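Q: Give me a 3D structure for the following:
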Amino acid sequence: MKSYKLTFAILFCFGLLLTSCKSEPTLQTYIVDHQEAQNFTTVDLPLTVLNLDESKLDDAQLATYKSIKRLNFLGYKKDTTQPDAFITEKEKVELILNNETYNELMVINNHGGKFTLKYVGDDDESIDELIVYGNVKDTGFGVLRVLGDNMKPSQIMSLAKVLEKGDIDMTKMKGAIDFFNN
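A: Residues are numbered from 1 along each chain as shown. Purely as a prediction, here's the structure:
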């Protein structure tokens, strides 16, 4: 009788493990799975690419800047010989980003492209991941993951205004830029 109970307990625990695992793809797994695939490129960008003069930041902007840990970029360059592949990969990324895990911050439509800012975290408290997704019909798409700890949404927007006026070091983004130009 004890062996049946033990067997049942083991099967029950195993069943719990199987049902508790998420099978939904995440942005992180998508990036890892595609980092060496054809038409894709990944670049880990140092924070120095932002080229910010910390002395010109207010306390809130400086705290936000220091809360950023990593910048990861994944790009897909559209191949004119395989237009369906672009549509398929774009739909996969958009399906992931439409998951309720990702909260929408802003959408910008401009000539030939669409850019979306999403985040993972609590609206009022903190953001652990900011995602900038852009796709341009003729070129491809890109996903920039800004990873950090306790980034504040309002402070992110304030820092973004500083970046608009700033001088981003494009030499450190050379790999991503060259990928789309070749």
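Q: can you map out the strands along the protein?
A: Using DSSP state E, the strands of the chain run over residues 40-45, 68-77, 103-110, 113-121, 127-136, 140-151.
Q: among these, which is nearest residue 85?
A: Distances from residue 85 to each of these were compared using C-beta to C-beta; the minimum, 8.8 Å, belongs to strand 68-77. Heads up, the C-betas are built off the backbone N, CA and C, glycines and all.
Q: quick one, what contacts residue 94?
A: residue 133 (C-beta atoms under 8 Å, 6 or more residues apart in numbering).
Q: ok so, going back, quick one: closest of the strands of the chain to residue 52.
A: Shortest distance between residue 52 and the strands of the chain, using C-beta to C-beta, is found for strand 68-77: 10.4 Å.
Q: one step back: now the strands of the chain in a markdown table, with mean neighbour count, distance to residue 24 and mean pLDDT?
A: Rendered in a markdown table, the data for those read as follows (neighbours: other C-beta atoms under 10 Å; distance: least, C-beta to C-beta, whole Å; pLDDT from 0 to 100):
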| stretch | mean neighbour count | distance to residue 24 | mean pLDDT |
| --- | --- | --- | --- |
| strand 40-45 | 17 | 21 | 90 |
| strand 68-77 | 19 | 18 | 91 |
| strand 103-110 | 12 | 16 | 86 |
| strand 113-121 | 18 | 14 | 88 |
| strand 127-136 | 20 | 16 | 90 |
| strand 140-151 | 20 | 17 | 89 |
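Q: Just send those back as CSV, with distance to residue 96 too.
A: Compiled in CSV, the strands of the chain are given as follows (distance: least, C-beta to C-beta, whole Å):
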stretch, distance to residue 96
strand 40-45, 15
strand 68-77, 11
strand 103-110, 14
strand 113-121, 10
strand 127-136, 10
strand 140-151, 9
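Q: Once you drop chain neighbours, what's closest to the most centrally placed residue in the chain?
A: Centroid-nearest residue in the chain: residue 145, 3.1 Å away (criterion: C-alpha atoms, centre = their mean). The shortest distance from residue 145 to any residue other than its chain neighbours is 4.4 Å, reached at residue 72 (C-beta to C-beta, 6 or more residues apart in numbering).
Q: who touches the one you found in this structure?
A: The neighbours of residue 72, taking C-beta under 8 Å, 6+ apart as the test, are 31, 42, 43, 44, 45, 144, 145, 147.
Q: next one: residue 141
A: In this structure, residue 141 makes contact with 75, 76, 86, 89, 90, 93, 133, 134, 135, judged by C-beta under 8 Å, 6+ apart.
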